[in-house]
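Engineer: here's a sequence, model it:
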Amino acid sequence: MTYQQALDWLNGTQFTGIKLGLENTRLLLAGVGNPERHLRFIHVAGTNGKGSVCAMLAACLQASGYKTGLYTSPHLIDFRERIRVDGIMISQVETAAGLTRLRDATAEWDHQPTFFELSTALALDHFELSGCDVVVLETGMGGRLDSTNVVTPLVSVITPIAMDHMLWLGDDIAKIAAEKAGIIKPGIPVVSSPQRPPAEQVLRARADECGSSIRFVDEPYPAEVALDGGHQLLNATLAVAALKDSGLSCDADAIAKGLAAVKWPARFQRLGDRIIIDGAHNEHSVDALVSTWNEVFGDERACIVFGALKDKNYTSMLQTLEKIGHRFFFVPVRSERSETPAALGALASLPSDEFHDLRAALTAALADTPRVLIAGSLFLCGEALGILDERGQLRPL
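Structural biologist: Numbering: from 1, shown residues only. Now for the predicted structure:
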């Protein structure tokens, strides 16, 4: 297959939806020689901060001289963002070749593997072929039945657990924590962010059941981190603890170098002087966004361009964002699960306007206030990054 043919085939599997379980992933990996058996992993689960922690881990490992694979999701613009080696995306040629191998391996199957199962198998195959020394692996959703949970890592990492994906993971913190705790393996050390008591209890019980040590790290990293926000200092401490417990050789200078240079898009990302893009899409992450805004901009108010999916608690998100908002500009998200701008506008206490597309909203927002915040969905952030340049100006049509 050509790259475009391979991508079309992969995207076609999204119609199979989300199917939690490990059997398909194990079969896919067996079809390409079980690359997971020849790699070392740091496995990261949680609700918020997974991507940032993974980016920090990868930056520190690279600074320490390790050839580092990084697997994250979702992508913002280009599918290949999900699969990187030393910061370089998998090439179009490598993507086409890898997906062709997977298509051939599944040709006789009586069912279709999912998009995420195929993406995970593609990533692990690529990391082995690239000769990675270590792979930082982010779960897609949950942990216990997530496709990434076919590996035995050097250390398991749990970021803050909050209410999200309740349809699949459960309707309270303890149930969600039980799914995240599924990445804990017998005898493998665990490091975790501070958790709410019900989540901490579940994690401790699972670690005890597995005979695994577990520690909760709660001191902010005491030096420079390139990502804005107090919560990122806590994420950095978690990453440093994971590196220590992994047994890999990463000295303090390499860690400091990595954290001072780490980049991760759509996490309080600034484009020029006026645009801030943040992928906050649940209550916990919006709290962190508002705190970071106050740290950076004080009492300044934002024109907030906001879109959200129907299954998110956007009512609470909007109430929190009103603390830093001047006006809301509501837009649809490019997803069949998008909430309508009208439904969002009906909940706003601040003045608001509704738009049919993001470009129109940004045109109006940039004419309204000095600072514009785009938030509510990573899908929305990806669309924004596609139509804005690095100066925060709209690209020509």
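
Engineer: where does pLDDT dip in the protein?
Structural biologist: 16-20, 164-171 (pLDDT under 70).

Engineer: domain ranges for it?
Structural biologist: 3-261, 269-387 (automatic domain parsing).

Engineer: just how off-centre is the longest one within its chain?
Structural biologist: Its chain's C-alpha centre lies 9 Å from the corresponding centre of domain 3-261 when counted by C-alpha atoms, centre = their mean, to the nearest Å.

Engineer: residue 80 and residue 131: what is the separation?
Structural biologist: Computed as C-beta to C-beta, to the nearest Å, the residue 80 to residue 131 distance reads 19 Å. Where you see a C-beta, it was placed from the backbone N, CA and C, and this is true even at glycine.

Engineer: these two - which one has more neighbours?
Structural biologist: The residue with more neighbours, out of residue 80 and residue 131, is residue 80; 17 against 11, by other C-beta atoms under 10 Å.

Engineer: how much space separates the more buried one from residue 95?
Structural biologist: According to C-beta to C-beta, residue 80 and residue 95 sit 6 Å apart.

Engineer: between the domains of the chain, which one is closest to residue 393.
Structural biologist: Closest approach to residue 393 among those is made by domain 269-387 (7.0 Å; C-beta to C-beta).

Engineer: coming back round to it: closest to residue 395 out of the domains of the chain?
Structural biologist: domain 269-387 (5.6 Å).

Engineer: measure that closest one end to end?
Structural biologist: 15 Å (C-alpha to C-alpha, to the nearest Å).

Engineer: distance-wise, check residue 186 relative to residue 108.
Structural biologist: Residue 186 is 34 Å from residue 108, by C-beta to C-beta.

Engineer: more neighbours, these two?
Structural biologist: residue 186 (9 against 6).

Engineer: quick one: contacts for the closest residue to the more buried one other than its chain neighbours?
Structural biologist: Setting aside the residues directly before and after it, residue 186 is nearest to residue 210 in space (C-beta to C-beta, 6 or more residues apart in numbering), at 4.6 Å. Shown in contact with residue 210 (C-beta atoms under 8 Å, 6 or more residues apart in numbering): 184-188.

Engineer: and if we set it to 10 Å?
Structural biologist: Neighbouring residues of residue 210 by C-beta atoms under 10 Å, 6 or more residues apart in numbering: 156, 181, 184-188, 190.

Engineer: as a check, name the ranges of all helices in the stretch 201-350 of the chain.
Structural biologist: 230-246, 252-261, 283-297, 314-321, 341-345 (DSSP state H, counting those that start in this stretch).

Engineer: residues of the third one that come out buried?
Structural biologist: It refers to helix 283-297. 283-290, 292-293 (16 or more other C-beta atoms under 10 Å).

Engineer: next one: the last one
Structural biologist: Judged by neighbour count using 16+ other C-beta under 10 Å, the buried positions of helix 341-345 are 341, 344-345.

Engineer: tell me which residue of this structure is furthest from the middle?
Structural biologist: When each C-alpha in the chain is compared with the mean C-alpha position (C-alpha atoms, centre = their mean), residue 108 comes out farthest, at 32.9 Å.

Engineer: got the phi/psi numbers for that one?
Structural biologist: phi -100, psi 0 (degrees, to the nearest 10).

Engineer: and the strands in the stretch 101-250 of the chain?
Structural biologist: Assigned by DSSP state E, counting those that start in this stretch, the stretch 101-250 of the chain shows strands spanning 134-138, 155-158, 190-192, 214-216.

Engineer: sorry, back to before: got the contacts of residue 210 as TSV, with distance to residue 139 columns?
Structural biologist: Listed next are the contacts of residue 210 as TSV, based on distance: C-beta to C-beta, whole Å:
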residue	distance to residue 139
156	10
181	12
184	12
185	13
186	18
187	20
188	15
190	14
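
Engineer: of those residues, which is the most crowded?
Structural biologist: Counting by other C-beta under 10 Å, top hit in those: residue 156 with 31 neighbours.

Engineer: contacting residues around residue 155?
Structural biologist: 41-44, 57, 185, 188-191, 212-213, 241-248.

Engineer: at 6 Å what do you get?
Structural biologist: By C-beta atoms under 6 Å, 6 or more residues apart in numbering, the residues touching residue 155 are 42, 189, 242, 245-246.

Engineer: so it versus residue 295, what's the distance?
Structural biologist: 30 Å.

Engineer: same deal with residue 203?
Structural biologist: Taken as C-beta to C-beta, the span from residue 203 to residue 295 is 29 Å.

Engineer: for residue 7, same thing?
Structural biologist: 40 Å.

Engineer: kindly report the same for residue 36.
Structural biologist: Residue 36 is 40 Å from residue 295, by C-beta to C-beta.

Engineer: which residues does the nearest residue to residue 124 once chain neighbours are set aside contact?
Structural biologist: In space, and not counting its chain neighbours, residue 124 is closest to residue 35: 4.6 Å by C-beta to C-beta, 6+ apart. Residues in contact with residue 35 (C-beta under 6 Å, 6+ apart) are 124-125, 128.

Engineer: what about the closest residue to residue 91 other than its chain neighbours, is that helix, strand or coil?
Structural biologist: Counting by C-beta to C-beta, 6+ apart, residue 91 lies nearest to residue 80, which is 7.6 Å off, once chain neighbours are set aside. Going by DSSP: H, G, I helix; E, B strand; the rest coil, the secondary structure assigned to residue 80 is helix.

Engineer: separation between residue 80 and residue 69?
Structural biologist: Residue 80 is 13 Å from residue 69, by C-beta to C-beta.

Engineer: out of the buried residues of helix 283-297, flag the one nearest to residue 116.
Structural biologist: Using C-beta to C-beta, the buried residues of helix 283-297 come closest to residue 116 at residue 285, 21.1 Å.
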